[in-house]
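Engineer: Fold the following for me, if possible:
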Amino acid sequence: MSKSYKKPKKSRKQAIMSDKTKKTSLVLVLGIAVLAGGFWTYRQLTTLSPPDLNTSKSDDVTQYLGNVRGFSRLPVARRETYLNQLYQRYSSGQPRADLNRSLRRMTAGERMVFLNAFAEVGRVQLLRQANEFNKLAPSQRASFVDKAIRDFEGTKGSLNGAGRGDSFGNPFSGDLPTSSDEISKRLVSMTSPSQRAHAKPFVDAVAQRYKDLEDPSERRRFDAGS
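Structural biologist: Numbering: from 1, shown residues only. The predicted model follows:
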């Protein structure tokens, strides 16, 4: 008959070491929690609230857009909402001219802070559209791409002020990529390999559609909505 196995007792030294290890681990966990909580609290206390677009001056708005503790700290979805509200508030007339003048006075550092935060909104929108595109049946993808291009060109035209001097984009003209190579490099720097692979079908479809639209007759049909 086999003898029952008895777990060997820990020595006093082993027990003391085990208790010390547990206490050390607990202290480390608590320390990390305190640091994380402190960092979150610090960000909350030092993050600026968005200025009220209905009552604030254009200078206050642009200072917020370019402040490292302002617009760039908003969640991406909140940034997108704020930009839409900003455009509605400053879409025309004297308010638009005032905002454009304030944007031109931004420093190079402020412009870069804003453009990086703005680019993140664009990245999220691109991945969102790519995700929707990938879920569609092949027969539905062409109309989806056309709508995406119309939405993009409509927004671009609105921001550019139809070529007027008060275009929102003018103050940033020297900071934005213009060639396809520069745009591709910017896209690569902002996305992971898996994200680029996921977005590739949509990006390729848009690129092909733009190539098709170089044909004047095809562009006319597109502009007519057919």
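
Engineer: Just the buried positions in the helix or strand hosting Ala142, please.
Structural biologist: Secondary structure assignment for Ala142, by DSSP states H and E: helix 138-160. Within helix 138-160, the residues that count as buried by 16 or more other C-beta atoms under 10 Å are 141, 144-146, 148. For every residue, glycine as well, the C-beta is placed using N, CA and C.

Engineer: With stretch 73-88 instead?
Structural biologist: Buried-residue list, stretch 73-88, by 16+ other C-beta under 10 Å: 73-74, 79-80, 82-83, 86-87.

Engineer: domains of this structure?
Structural biologist: As recorded under automatic domain parsing, the domains making up the chain are 19-48, 49-223.

Engineer: any idea which of these is most buried?
Structural biologist: Mean neighbours per residue, mean count of other C-beta atoms under 10 Å, is largest over those for domain 49-223, with a mean of 14.

Engineer: tell me how far the ends of that domain are from each other?
Structural biologist: Start and end residues of domain 49-223 are separated by 41 Å (C-alpha to C-alpha, to the nearest Å).

Engineer: one step back: any chance of JSON lines for the domains of the chain, columns mean pLDDT?
Structural biologist: JSON lines is the format used below for the domains of the chain (pLDDT from 0 to 100):
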{"stretch": "domain 19-48", "mean pLDDT": "53"}
{"stretch": "domain 49-223", "mean pLDDT": "84"}
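
Engineer: Tell me the one among the buried residues of helix 138-160 nearest to Met106.
Structural biologist: Lowest distance from Met106 to those (C-beta to C-beta) belongs to Ala148, with 29.9 Å.

Engineer: Give me the distance between the residue lying closest to the closest one once chain neighbours are set aside and Leu83.
Structural biologist: Leaving aside its chain neighbours, Ala148 sits nearest to Gln129 (5.8 Å; criterion: C-beta to C-beta, 6 or more residues apart in numbering). Distance of Gln129 to Leu83, given as C-beta to C-beta, to the nearest Å: 17 Å.

Engineer: quick one on the thing from earlier: so the residue nearest to Ala148 is in which element?
Structural biologist: Assigned by DSSP H and E, Gln129 falls in helix 108-135.

Engineer: what packs against that helix?
Structural biologist: helix 58-66, helix 76-89, helix 138-160, helix 180-190, helix 193-212 (3 or more C-beta pairs under 8 Å, 6 or more residues apart in numbering; DSSP states H and E).

Engineer: List the contacts of the third one.
Structural biologist: By that I understand helix 138-160. 87, 91, 129, 132-133, 136, 167-169, 202, 205-206, 209-210, 213, 222 (C-beta atoms under 8 Å, 6 or more residues apart in numbering).
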